[in-house]
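J.: structure for the following, please:
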Amino acid sequence: MKAEKDHRAGLLSGFGAYAVWGLVPLFWPLLKPSEAVEIVAHRMVWSLAAVGLALLALRRWGWIRELLRQPRKLALTTLAASVITVNWGLYIWAVNNGHVVEASLGYFINPLVSIAIGVLALGERLRRAQWAAVGISCLAVLVLAVGYGRPPWISLVLAFSFATYGLIKKKLGMGGLESLAAETAVLFLPALGYLLWLGTQGRSTFATEGLGHSVLLSATGLVTAVPLVLFGAAAIRVPLSTLGLLQYMAPVFQFGLGVLYFHEAMPPERWAGFSLVWAALTVLTWDALRTSRRARAQLAAAPQAPQAPQAPSAAVPEAPAPTPAAVVPPTREPA
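T.: Numbers count the residues shown, from 1 in each chain. Have a look, this model is predicted:
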């Protein structure tokens, strides 16, 4: 009964996290006339405050000393912070300048770009279905380039920056809350310095657009932290393969908002391009689920080697079944 309740709570947390990330395009326009760079700077400053309070409540500080003692890990954290700043800034700019649909495409193709980076950077070998999905996605980009009259640069930069961020996070191996705290801490002083400079130039909107606007800018910290906490709660209660499927909620919501709420144009060639992307994701998800089922079946069918008697205190918990990397979600939210 307790396991069932935990699973249900995990699913609700996962739905909540990806729903917030999917509906966040409704929030960024409320911050106008703030420009994207100012919004990102506020997001860094207030996110550190929100995450700092969470860490204080959980009393999780030991990782800071360990991070400071590892220059390579600190350098990777700085690189991750820089890459995700580009991702955040471009995403907010895209939403506030009428490119919500193109931004959603970036997160649709992100799993496919992650696979390509895995091949190029990590030497991973792909199955036939994965090659087919990558090929279909390349065709989709060509079709969309015709539809837009240019390559879909916003989508490509968002997808590649987020995939690169995921690669760095894989090497770092830090938890979601800790990594967000480290990344925002690294850029806290530059972000705060930029906001103070805007104030001296008379270009800051924080104190000039009314109390409501200031509160909304401050809320960027909660908008960042709350879904991450929900994601963390889901990650320990439901299989990663389930979370991998839930991750498509965010771009689906974003695409729906772009078409139905923001009324962005969708001529036939763009529908064709998006349809190809969705076909590639269908192939990818089907292959991942099939591979996962086969792995579990092989694990269940494998003969159990006799084990020597051991004391109860030395018992090792059973390892979970392998989860296909193609559907494992990142530990950072879509911007």
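
J.: what about Lys2, neighbour count?
T.: Neighbouring residues of Lys2 were enumerated by other Cβ atoms under 10 Å; the total is 6. Yep, even glycine has a C-beta here, placed from its N, CA and C like the rest.

J.: err, Ala295, not the other one
T.: 14.

J.: same check, this time on Pro151
T.: 12.

J.: three-state assignment of it?
T.: coil (DSSP: H, G, I helix; E, B strand; the rest coil).

J.: need the contact list for it.
T.: 141, 145 (Cβ atoms under 8 Å, 6 or more residues apart in numbering).

J.: quick check: phi and psi on it?
T.: phi -60, psi 150 (degrees, to the nearest 10).

J.: would you mind measuring from it to Gly258?
T.: In this view, Pro151 and Gly258 are 19 Å apart by Cβ to Cβ, to the nearest Å.

J.: please apply the same query to Lys2.
T.: Counting by Cβ to Cβ, the gap from Lys2 to Gly258 is 41 Å.

J.: and for the residue nearest to Thr78 when sequence neighbours are not counted, the neighbour number?
T.: Using Cβ to Cβ, 6 or more residues apart in numbering and skipping residues adjacent in sequence, the residue nearest Thr78 is Val186, 5.1 Å away. Applying other Cβ under 10 Å, we find 20 other residues in the vicinity of Val186.

J.: which helix in the chain has the most residues?
T.: Of all the elements of type helix in the chain, the one with the most residues (DSSP state H) is helix 268-301.

J.: show me which positions of that helix end up buried.
T.: Using 16 or more other Cβ atoms under 10 Å as the test for burial, helix 268-301 gives 270, 273-274, 276-281, 283-285, 287-289, 291-292.

J.: what strand or helix carries the residue nearest to Thr78?
T.: helix 176-200 (DSSP states H and E).

J.: which helices and strands does that helix pack with?
T.: Under the contact definition 3 or more Cβ pairs under 8 Å, 6 or more residues apart in numbering; DSSP states H and E, helix 176-200 sits against helix 36-58, helix 62-68, helix 71-96, helix 220-235.

J.: quick one: low-confidence ranges for this structure?
T.: By pLDDT under 70, the weakly predicted segments of the chain are 1, 175-176, 232, 235, 240-241, 243-244, 302-335.

J.: buried stuff in the host helix or strand of Arg8?
T.: Per DSSP H and E, Arg8 falls inside helix 2-23. For helix 2-23, burial by neighbour count (16+ other Cβ under 10 Å) applies to 10-11, 13-14, 16-22.

J.: likewise stretch 58-65?
T.: Trp63.

J.: contacts made by it with the rest, please.
T.: By Cβ under 8 Å, 6+ apart, the residues outside stretch 58-65 that reach it are 55, 174-175, 177-178, 182.

J.: in stretch 177-190, what's buried?
T.: Going by 16+ other Cβ under 10 Å, stretch 177-190 has these buried residues: 177-188.

J.: for stretch 84-104, that is, sorry about that
T.: For stretch 84-104, by 16+ other Cβ under 10 Å, it's 84-96, 99-104.

J.: let's see the helix holding Arg8 as PDB, backbone CA atoms only.
T.: Extracted in PDB, the C-alpha atoms of helix 2-23 (Å, rounded to 0.1, in the frame of the first residue of the first chain):
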ATOM      1  CA  LYS A   2       2.800   2.400   0.900                       C
ATOM      2  CA  ALA A   3       4.600   1.600  -2.400                       C
ATOM      3  CA  GLU A   4       1.400   2.400  -4.300                       C
ATOM      4  CA  LYS A   5       1.000   5.700  -2.500                       C
ATOM      5  CA  ASP A   6       4.600   6.600  -3.200                       C
ATOM      6  CA  HIS A   7       4.200   5.700  -6.900                       C
ATOM      7  CA  ARG A   8       1.000   7.800  -7.100                       C
ATOM      8  CA  ALA A   9       2.700  10.800  -5.300                       C
ATOM      9  CA  GLY A  10       5.700  10.400  -7.700                       C
ATOM     10  CA  LEU A  11       3.400  10.500 -10.800                       C
ATOM     11  CA  LEU A  12       1.600  13.600  -9.500                       C
ATOM     12  CA  SER A  13       4.900  15.300  -8.800                       C
ATOM     13  CA  GLY A  14       6.200  14.400 -12.300                       C
ATOM     14  CA  PHE A  15       3.000  15.800 -13.900                       C
ATOM     15  CA  GLY A  16       3.300  18.900 -11.800                       C
ATOM     16  CA  ALA A  17       6.900  19.500 -12.700                       C
ATOM     17  CA  TYR A  18       6.500  19.100 -16.500                       C
ATOM     18  CA  ALA A  19       3.200  21.000 -16.400                       C
ATOM     19  CA  VAL A  20       4.900  24.000 -14.900                       C
ATOM     20  CA  TRP A  21       7.700  23.800 -17.400                       C
ATOM     21  CA  GLY A  22       5.200  23.400 -20.200                       C
ATOM     22  CA  LEU A  23       3.100  26.400 -19.100                       C
END
